[in-house]
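A.B. asks: here is a sequence together with a model predicted from it:
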Amino acid sequence: MYRNNSLKKIGWQDFQKLRLEEKGPFYQWKGRPYHVLIAQQFDRAMLERICELATKIRRIGKTKGGLLFLKDLLPDKRAMLYFAQPSTRTFLSFYSACQILGIQTAEVRDTATSSEIKGESPEDSVRTFSSYFDFIIMRHPMGGFAERIAWVLSNGDRPVPVINAGSGKDQHPTQALLDIYTLQRSFENRGGIEGKKIAFVGDLARGRTVRSLSNLLLLYPDVKQYFVAPKSLQIGQDTLDALEKVGSEYEICDDFEKTIPEVDAIYMTRIQDEWDTTEESRLLDTSKYHFTAEHLNLLKPDAVLLHPLPRRKEIDIEVDSDSRAVYWRQVRNGMWIRGALMLLIFNRAIDIDRYYEDMVV
Ligand code: CP
């Protein structure tokens, strides 16, 4: 089993303290991620490394020889995909990345098929997974659940790495990594992400991808973030506090059409009505936060349009064929980014570097 030998048993409060203050051994170990739980655990150097690896894997995977090499990197590892909430992209991109790297997988996608239906706690379920698997990729409706589980496992005998594939309304760190990768690729001939204006649009109050990406953008100097939403769905104070703490510029507005020509990237999101307590979303008119084919005329020629997907009506289908619409590229980038992350966790990234070096000379 892959073990972080610097882990020592600590209380929940100390674990949470390490989260933001020290980025302790639960988050980074020997310069690599151990658990992947929150966007704030990453620094700029780590982001650059993950993106660089994703590009190398993507290019290596273009040939049969490269694919055979990739498949031989992690055949000794087994992954548990525990998805207690619906998913298409996150599940399949992790699953595909595991296949590409030779990792064996098992899955629980519906807790009605596991012993949770008999009353077993999710904590006991995950502890059981750690008996059979080398790491756990998990999506759960409970905010902070992945962190809680990482702490539980780290205090037990089998502290296997935990990767948060979306937890409650709070975090979706691997989505934010692939969003950064997509932005970086989009702006590679325009000086990178630094100094860009980036608008988040839609349900910002309950969108975990927005919170995670907003936090990662704080690592890039002079980025200005715009939060465009109806009042009841505006971004939370915790995100604004994070921006203010580092003196990062932001603007809160509800005029989408005014914002479109000002920005370099627009990150659309759907209304997350699965979190409604009554029918509050149905009573809201969100149509003025939709990106239509007419809006393409307002968008800068070199701006890009992102969406974590799934979408409903917030982007017209006609927009898909515009070269500035990069959300389908985002989907594919997820596979490379998640592969890069797993190689880093299991310390096989150096093999990618060596193969790539031989490949390009
Ligand atoms: N972006 C995203 O998390 O999509 P899925 O819910 O389909 O995984």
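C.D. replies: Now that the structure is in, tell me what you want to look at. This one's a predicted model, so the numbers in the text were calculated from it and none came from an experiment.
A.B. asks: within range of the ligand, give me the residues from this structure.
C.D. replies: Selection of the chain residues close to the ligand by C-beta under 6 Å from any ligand atom yields Ser87, Thr88, Arg89, Thr90, Phe91, Gly166, Gln175, Pro308, Leu309, Pro310. The C-beta positions use only the backbone N, C-alpha and C, and glycine is treated the same way.
A.B. asks: surely the third one is in contact with Leu309?
C.D. replies: Yes. Counting by C-beta atoms under 8 Å, Arg89 touches Leu309, with 6.1 Å between them.
A.B. asks: please name the nearest non-neighbouring residue to the residue of the stretch 201-350 of the chain found nearest the ligand.
C.D. replies: Proximity of the stretch 201-350 of the chain to the ligand (C-beta to the nearest ligand atom) peaks at Pro308, 3.8 Å away. Leaving aside its sequence neighbours, Pro308 sits nearest to Thr209 (C-beta to C-beta, 6 or more residues apart in numbering; 4.3 Å).
A.B. asks: next, count neighbours for that neighbour.
C.D. replies: 24 (other C-beta atoms under 10 Å).
A.B. asks: ok, now which ones touch Ile230?
C.D. replies: Check again: residue 230 is Pro, not Ile. Residues counted as contacts of Pro230 (C-beta atoms under 8 Å, 6 or more residues apart in numbering) are Asp254, Leu284, Thr286, Tyr289.
A.B. asks: now with 7 Å?
C.D. replies: Contacts for Pro230 were tallied using C-beta atoms under 7 Å, 6 or more residues apart in numbering; they are Asp254, Leu284, Thr286.
A.B. asks: I'd guessed the last one sits against Ile271; true?
C.D. replies: Yes. With contact defined as C-beta atoms under 7 Å, Thr286 and Ile271 form a contacting pair (5.8 Å).
A.B. asks: so for the two, which sits in the more crowded spot?
C.D. replies: With neighbours defined as other C-beta under 10 Å, Thr286 and Ile271 compare such that Ile271 has more, 23 against 18.
A.B. asks: quick one: the more buried one and Glu279 touch, right?
C.D. replies: No. Ile271 lies out of contact with Glu279 (C-beta under 7 Å); the separation is 11.8 Å.
A.B. asks: restricting to C-alpha, output the helix or strand in which Met342 is found in CSV.
C.D. replies: In this structure, Met342 sits in helix 327-345 according to DSSP states H and E. The C-alpha trace of helix 327-345 is given here as CSV (Å, rounded to 0.1, in the frame of the first residue of the first chain):
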residue,chain,number,x,y,z
TYR,A,327,-16.6,23.4,-22.9
TRP,A,328,-16.2,20.2,-24.9
ARG,A,329,-12.5,20.6,-24.8
GLN,A,330,-12.9,21.0,-21.0
VAL,A,331,-14.6,17.6,-20.9
ARG,A,332,-11.6,15.9,-22.6
ASN,A,333,-9.0,17.9,-20.5
GLY,A,334,-10.6,16.3,-17.4
MET,A,335,-9.2,12.9,-18.4
TRP,A,336,-5.7,14.2,-18.8
ILE,A,337,-5.7,16.3,-15.7
ARG,A,338,-7.0,13.4,-13.6
GLY,A,339,-4.5,11.1,-15.0
ALA,A,340,-1.7,13.6,-14.2
LEU,A,341,-3.0,13.9,-10.6
MET,A,342,-3.0,10.1,-10.1
LEU,A,343,0.6,9.8,-11.5
LEU,A,344,1.8,12.5,-9.1
ILE,A,345,0.1,10.9,-6.1
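A.B. asks: now for it, which elements pack on it?
C.D. replies: Secondary-structure packing of helix 327-345 (3 or more C-beta pairs under 7 Å, 6 or more residues apart in numbering; DSSP states H and E): strand 32-33, helix 44-60, helix 89-101, helix 173-186, strand 304-306.
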